[in-house]
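1. Please work out how this folds:
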Amino acid sequence: KASKTGKARNKLHALEKKHREARHIAKADRIKNNNLGTKKVKVRKDKAQKRIANIAFKAAHSVVDKAGIVVSEDLSRSITKKHPWKKHNRRMSAWAKGTLAEALESTTQQREARHVLVNAAYTS
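-> All right, here's what the predicted structure looks like:
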């Protein structure tokens, strides 16, 4: 959805620039004021992040309910240039690994359980 929205916004930016160059200033201003804001994009992104955090914390609580020691992969390292594609990088940056790690850490501290991180290379 982010890719589709971004492509549409880029087309509107180009259209606004075209009208501005053609001295249709009023039309260019209308395009900019009514279509190129970021309020809806930010609200949609925040809503998705809250949904991810809610799922992550529910999962962490259910794991800690059943276990006193939680072992998880250490996902703190950033993904390096293995996959240089834009689409892949965007998806990976939106991935919920940080939220899940934070949920596990805080839940284990609240419940006085133990959280052990293991190198990701040895978990597959």
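
2. After whichever strand or helix holds residue 6, which helix or strand is next? Please name it.
-> Secondary structure assignment for residue 6, by DSSP states H and E: helix 2-21. Sequence-wise, the next helix or strand downstream of helix 2-21 (DSSP H and E) is helix 25-35.

3. and that following helix, what other elements does it pack with?
-> helix 2-21 (3 or more CB pairs under 8 Å, 6 or more residues apart in numbering; DSSP states H and E). In this view, the C-beta of every residue, glycine as well, is placed from N, C-alpha and C.

4. re earlier: so the helix holding residue 6 versus helix 25-35, what angle?
-> Computed with axes from the mean of the first three to the mean of the last three CA atoms, to 10 degrees, the direction of helix 2-21 lies at 160 degrees from that of helix 25-35.

5. For the chain, which residues score under the pLDDT cut-off?
-> Residues of the chain meeting the criterion pLDDT under 70: 1, 76-95, 122-124.

6. mind listing the helices for it?
-> 2-21, 25-35, 39-66, 86-93, 97-110 (DSSP state H).

7. Out of those helices, the one nearest residue 74 is which?
-> Closest approach to residue 74 among those is made by helix 97-110 (8.5 Å; CB to CB).

8. Check the gap between the residue lying farthest from the centre of the chain and residue 13 for me.
-> Going by CA atoms, centre = their mean, the residue of the chain most distant from its centre is residue 23, 39.0 Å out. Per CB to CB, to the nearest Å, residue 23 is found 18 Å from residue 13.

9. do the same with residue 50
-> 29 Å.

10. Who has more neighbours out of the two?
-> residue 13 (14 against 11; other CB atoms under 10 Å).

11. Now do the contacts for that one.
-> By CB atoms under 8 Å, 6 or more residues apart in numbering, the contact set of residue 13 is residue 36.

12. Tell me how far it lies from residue 111.
-> From residue 13 to residue 111 the distance is 49 Å (CB to CB).

13. can you check residue 31 too?
-> To residue 111, residue 31 is 53 Å away according to CB to CB.

14. neighbour count winner among the two?
-> A count of neighbours by other CB under 10 Å puts residue 31 above the other of residue 31 and residue 111, at 19 against 14.

15. Having no further points to raise, I will conclude here.
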